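**Q** let me see the structure of the following:
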Amino acid sequence: MKIGIANDHRGLNLKNYLKEELTKLGYEVINYGTDTEDSVDYPDYAFKLGESIVNKDIDYGIAICGSGIGISIACNKVKGVRCAKVSNIEEAKYTREDNNSNIVAFGEKTTNEDALEIVKTFINTPFSNLDKHINRINKITNYEENK
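**A** Prediction:
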């Protein structure tokens with residue numbers, strides 16, 4: 001499984017930790033983020049990650065900025081991306097089961113251990129395939145395609 005990870009300068013430390021731990025677990029991790037603490041603009045990295053999801057270069061994405069909010073907004077501007085900023089394991093589970101999200105976003109203050117557990121839950125939770133959720137996702141997709 002290929003996992004992409006994008007970050008701005010504030011997400012550097014968490015990205016490095018997740019990249020190392022996910023690689024140990026056998027995942028191929030593709031880096032779309034900055035590798036320095038020099039100030040950068042998170043949309044530049046969010047768009048690269050989102051395009052890689054849409055092009056099926058990666059299976060799932062992880063996005064990290066100061067709060068996790070800005071980078072999630074930017075990711076969601078890429079048609080076909082469903083990025084959720086999550087704060088706990090339960091939200092990671094529900095965003096996969098109900099929304100079939102393909103990118104999970106964090107803020108830099110998420111602890112290393114919590115972030116790893118959230119990511120593992122996110123990538124290991126299947127979409128429910130319930131009609132009500134499929135219908136809701138289709139409404140979002142149809143809106144996206146007609147705007």
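**Q** now for whichever strand or helix holds residue 53, which elements pack on it?
**A** In this assignment (DSSP states H and E), residue 53 forms part of helix 42-54. Secondary structure elements in contact with helix 42-54, counted by 3 or more Cβ pairs under 8 Å, 6 or more residues apart in numbering; DSSP states H and E, are strand 2-7, strand 60-65, helix 69-75, strand 103-107. Heads up, the C-betas are built off the backbone N, CA and C, glycines and all.
**Q** distance from that helix to the middle of the chain?
**A** 10 Å (Cα atoms, centre = their mean, to the nearest Å).
**Q** and for stretch 17-29?
**A** Distance of stretch 17-29 from the chain centroid (Cα atoms, centre = their mean) equals 15 Å.
**Q** buried residues in the one helix or strand in the chain whose mean pLDDT sits lowest?
**A** Sorted by mean pLDDT, DSSP states H and E, the helices and strands of the chain end with helix 131-145, the least confident at a mean of 95. By neighbour count on 16 or more other Cβ atoms under 10 Å, the buried set for helix 131-145 is residue 137.
**Q** pull that helix out as PDB, backbone CA atoms only.
**A** What follows is helix 131-145, C-alpha atoms only, in PDB (Å, rounded to 0.1, in the frame of the first residue of the first chain):
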ATOM      1  CA  ASP A 131     -26.600   2.800   0.300                       C
ATOM      2  CA  LYS A 132     -27.200   5.900   2.400                       C
ATOM      3  CA  HIS A 133     -23.400   6.700   2.400                       C
ATOM      4  CA  ILE A 134     -23.000   5.900  -1.300                       C
ATOM      5  CA  ASN A 135     -25.900   8.300  -2.100                       C
ATOM      6  CA  ARG A 136     -24.400  11.100   0.000                       C
ATOM      7  CA  ILE A 137     -21.000  10.700  -1.600                       C
ATOM      8  CA  ASN A 138     -22.600  10.700  -5.000                       C
ATOM      9  CA  LYS A 139     -24.400  13.900  -4.200                       C
ATOM     10  CA  ILE A 140     -21.000  15.500  -3.300                       C
ATOM     11  CA  THR A 141     -19.400  14.100  -6.500                       C
ATOM     12  CA  ASN A 142     -22.200  15.300  -8.700                       C
ATOM     13  CA  TYR A 143     -22.100  18.800  -7.200                       C
ATOM     14  CA  GLU A 144     -18.300  18.900  -7.700                       C
ATOM     15  CA  GLU A 145     -18.600  17.900 -11.300                       C
END
